[in-house]
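Enquirer: Based on what follows, work out the 3D shape:
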Amino acid sequence: MSRLISIFFGVGLLRPAPGTWASAVALVLGMLLLH
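Expert: Just a heads-up that it's a prediction; the model follows:
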């Protein structure tokens with residue numbers, strides 16, 4: 001479970017540019033939480 005949370009359910013493993021995908025998902029989730 002801790003591994004799933006740390007890689008955000010697989011988003012951190014997407015290719016190419018895993019950090020970019022994770023940032024994009026975090027941005028969308030942040031926007032959803034604020035609205």
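Enquirer: what sits against residue 7?
Expert: residue 13 (C-beta atoms under 8 Å, 6 or more residues apart in numbering). Yep, even glycine has a C-beta here, placed from its N, CA and C like the rest.
Enquirer: Equivalent analysis for residue 25, please.
Expert: 8, 11.
Enquirer: Figure out the helix or strand that it lives in.
Expert: helix 18-34 (DSSP states H and E).
Enquirer: May I see the buried residues of that helix?
Expert: Across helix 18-34, burial judged by 16 or more other C-beta atoms under 10 Å covers 21, 22.
Enquirer: ok now it, how far from the chain's centre?
Expert: Centroid displacement of helix 18-34 relative to its chain, using C-alpha atoms, centre = their mean, to the nearest Å, is 6 Å.
Enquirer: For it, C-alpha coordinates in PDB please.
Expert: Extracted C-alpha coordinates of helix 18-34, given in PDB (Å, rounded to 0.1, in the frame of the first residue of the first chain):
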ATOM      1  CA  PRO A  18       7.400  10.200 -15.200                       C
ATOM      2  CA  GLY A  19       7.900  13.300 -13.200                       C
ATOM      3  CA  THR A  20       5.900  15.400 -15.700                       C
ATOM      4  CA  TRP A  21       3.000  13.000 -15.600                       C
ATOM      5  CA  ALA A  22       2.900  13.000 -11.800                       C
ATOM      6  CA  SER A  23       3.000  16.800 -11.700                       C
ATOM      7  CA  ALA A  24       0.200  17.000 -14.200                       C
ATOM      8  CA  VAL A  25      -2.000  14.600 -12.200                       C
ATOM      9  CA  ALA A  26      -1.100  16.500  -8.900                       C
ATOM     10  CA  LEU A  27      -2.100  19.800 -10.600                       C
ATOM     11  CA  VAL A  28      -5.500  18.400 -11.700                       C
ATOM     12  CA  LEU A  29      -6.200  16.800  -8.300                       C
ATOM     13  CA  GLY A  30      -5.300  20.100  -6.600                       C
ATOM     14  CA  MET A  31      -7.600  22.000  -8.800                       C
ATOM     15  CA  LEU A  32     -10.400  19.600  -8.100                       C
ATOM     16  CA  LEU A  33      -9.900  19.800  -4.300                       C
ATOM     17  CA  LEU A  34     -10.000  23.600  -4.400                       C
END
